[in-house]
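take a look and give me a structure for this.
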Amino acid sequence: MADLSINMCGIKSPNPFWLASAPPTNGGEQVMRAFDAGWGGVVWKTLGTPITNVSSRFGAIDVGTTKAVGFNNIELITDRPLETNFKEIEAVKKRYPNHALIVSLMVESEQEWKDIIARSEDAGADGLELNFGCPHGMCERGMGSSVGQEPKILQRITHWAKTYAKVPVLVKLTPNITDIIPPGLAAVEGGADGLSLINTIKSIIGVDLDNLHLKPTVGDASSHGGYCGPAVKPIAMHMVAALARDKRITIPISGIGGIANWRDAAEFIALGSQSVQVCTAVMHYGYRIVEDMIEGLSNYLDEQGMASVNQLVGKAIPGFREWGDLDLNYQRVARINADSCIGCQLCYVACLDGAHQCIHTQKGPCQAWHGEPDHGVNPRLQASPKVQHEPKNGKSQVPYVDEAECIGCNLCQIVCPVPECISMVEVPHNKGHESWNQRVAKG
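As a prediction, the model looks like this:
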């Protein structure tokens, strides 16, 4: 069985699965249950001058019958006394010495950073995570994402932390920025030992149309909050990968954002994350999801012939290139399996209205649904009598692809409700590789 243990910038963990700084890491009793469930590490809910939270705090977006595809919160840092937090951190670390315990911090002045770092280390923290990402509440006070959006300030505070810390320091970055590279470089220049990202995205989750109050409602009002959950995963993966492939970023990354299962985790690791942090999925399903994550990742590594999870780190980065470096001669076309097709014709409609008009029905283009005429606006829709009247698959309800017109966009495969009914097949050629940049260079 593959070895899942990691050593991220000096922080050892039995596996790469960490809980992110959030409600699931709010106290000692929770963290102990998480470790018992199998989590390799936790990032303790952010400590600073305790605040008073509001009620209510959470909102979510459902898609069809799937709950909480996107999640929003207006909760802030710890609302419990620091002394209580430090006592619980000490108790947890004594009971679980081989698990990673990182403490998230957010304060203002250099003296406050010095003091809270010392107290965190005295309590037994294996590492520190500087919260430069919170997009609401704390940023209005000059902390959180207001720091993460200012590279010079980020660098300065990181330097303060490294000056006083004896344990590794991670910097948590905000996604509420145009380019993730400048703050990432600022953290490196400030001496950070690692990066963690992404924090939540500034958002409004919705409006209650019955009373026109924002959600989640606090009395008769609300505020923007932080967006997370499965919906943010593509944004998070891009930012993680952008840092991982930049040769100036020489420190390890802890990936965060929409991770809910072992596949999500494996993708983040392949894009350069050494550890992965999970929050929303645990809030939705509980700590025990880590059991499947551990088993799934271990089995995957075995199947790939990898003896350690560390062998997966960054493996997908060579395939992350600029658009101008992609092969213009590569071509794929869609092919529909008539045996498994259920005749819903979603692919036909999607291709006709939203793509490149290369999928046809046996009745002919523009006539399958309401008998509407083809007005001749698009030459591609001017099918020959043979195309209109001769079924090519023996099943009149099954659409078919005009491969000469197919540009391989994948839309039909995306909307098809039947797994593996539509496949995207590579078209062989002998043209060689030619990118846009190569074409321009040739003149």
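
quick one, helices of the stretch 1-150 of the chain?
In the stretch 1-150 of the chain, the segments counted as helices under DSSP state H, counting those that start in this stretch are 28-37, 82-95, 110-123, 145-148.

what angle do the first one and helix 82-95 make?
Going back to what we said before, that points to helix 28-37. On the basis of axes from the mean of the first three to the mean of the last three C-alpha atoms, to 10 degrees, helix 28-37 is oriented at 20 degrees to helix 82-95.

which non-adjacent residue is nearest residue 269?
residue 312 (4.9 Å; C-beta to C-beta, 6 or more residues apart in numbering). Placement of C-beta: from N, CA and C, glycine included.

could you list the low-pLDDT ranges of this protein?
Low-confidence segments of the chain (pLDDT under 70): 136-144, 363-396.

strands along the stretch 151-300 of the chain, start to end?
169-172, 194-197, 201-203, 206-208, 213-215, 225-228, 253-256, 273-278 (DSSP state E, counting those that start in this stretch).

mind listing the strands the third one pairs with, and their directions?
What it means is strand 201-203. The strands beside strand 201-203 in its sheet (DSSP bridges) come out as strand 225-228 (antiparallel).

please apply the same query to the first one.
When sheet partners are counted by DSSP bridges, strand 169-172 sits next to strand 127-131 (parallel), strand 194-197 (parallel).

contacts for the shortest one, please.
For strand 194-197, the surrounding residues in contact (C-beta atoms under 8 Å, 6 or more residues apart in numbering) are 8-9, 43, 127, 129, 133, 168-173, 175, 180, 184, 187, 236, 239-240, 243, 249, 251-257, 274, 277.

all helices of the stretch 251-400 of the chain, in order?
Counting by DSSP H, counting those that start in this stretch, one finds helices in the stretch 251-400 of the chain at the ranges 262-270, 280-285, 289-303, 346-354, 385-389.

among those helices, which is nearest residue 26?
Closest to residue 26 of the helices of the stretch 251-400 of the chain is helix 280-285 (C-beta to C-beta; 11.2 Å).

who are the packing partners of the closest one?
strand 66-73 (3 or more C-beta pairs under 8 Å, 6 or more residues apart in numbering; DSSP states H and E).

buried residues in the strand it packs on, which are they?
For strand 66-73, burial by neighbour count (16 or more other C-beta atoms under 10 Å) applies to 68, 70, 71, 72, 73.

name whatever forms a beta bridge with the last one.
In other words, residue 73. Beta-bridge pairing for residue 73 (DSSP bridges): residue 58, residue 226.

give me every residue that touches residue 227.
Residues counted as contacts of residue 227 (C-beta under 8 Å, 6+ apart) are 70, 71, 72, 200, 201, 202, 203, 205.

would you check that the third one makes contact with residue 226?
Yes - in this structure, residue 72 is within contact of residue 226 by C-beta atoms under 8 Å, at 6.7 Å.

give the residues shared as contacts by the two.
By C-beta under 8 Å, 6+ apart, residue 72 and residue 226 have these common neighbours: residue 203.

just name the closest of the contacts of residue 227 to residue 33, please.
Comparing these against residue 33 with C-beta to C-beta places residue 71 closest, at 21.4 Å.

please name the nearest non-neighbouring residue to that closest one.
What sits nearest to residue 71 in space, not counting adjacent residues and going by C-beta to C-beta, 6+ apart, is residue 229, at 3.8 Å.

give me the number of residues near the one you found?
Per other C-beta atoms under 10 Å, the neighbour tally for residue 229 reads 22.

so who does the residue nearest the centre of the chain touch?
Centroid-nearest residue in the chain, with C-alpha atoms, centre = their mean: residue 233, separated by 2.3 Å. For residue 233, the contact set (C-beta under 8 Å, 6+ apart) comprises 257, 258, 259, 264.

do you know how far it is from residue 302?
Between residue 233 and residue 302 the computed distance is 25 Å (C-beta to C-beta, to the nearest Å).

what do you get for residue 39?
For residue 39, the distance to residue 302 equals 21 Å [C-beta to C-beta].
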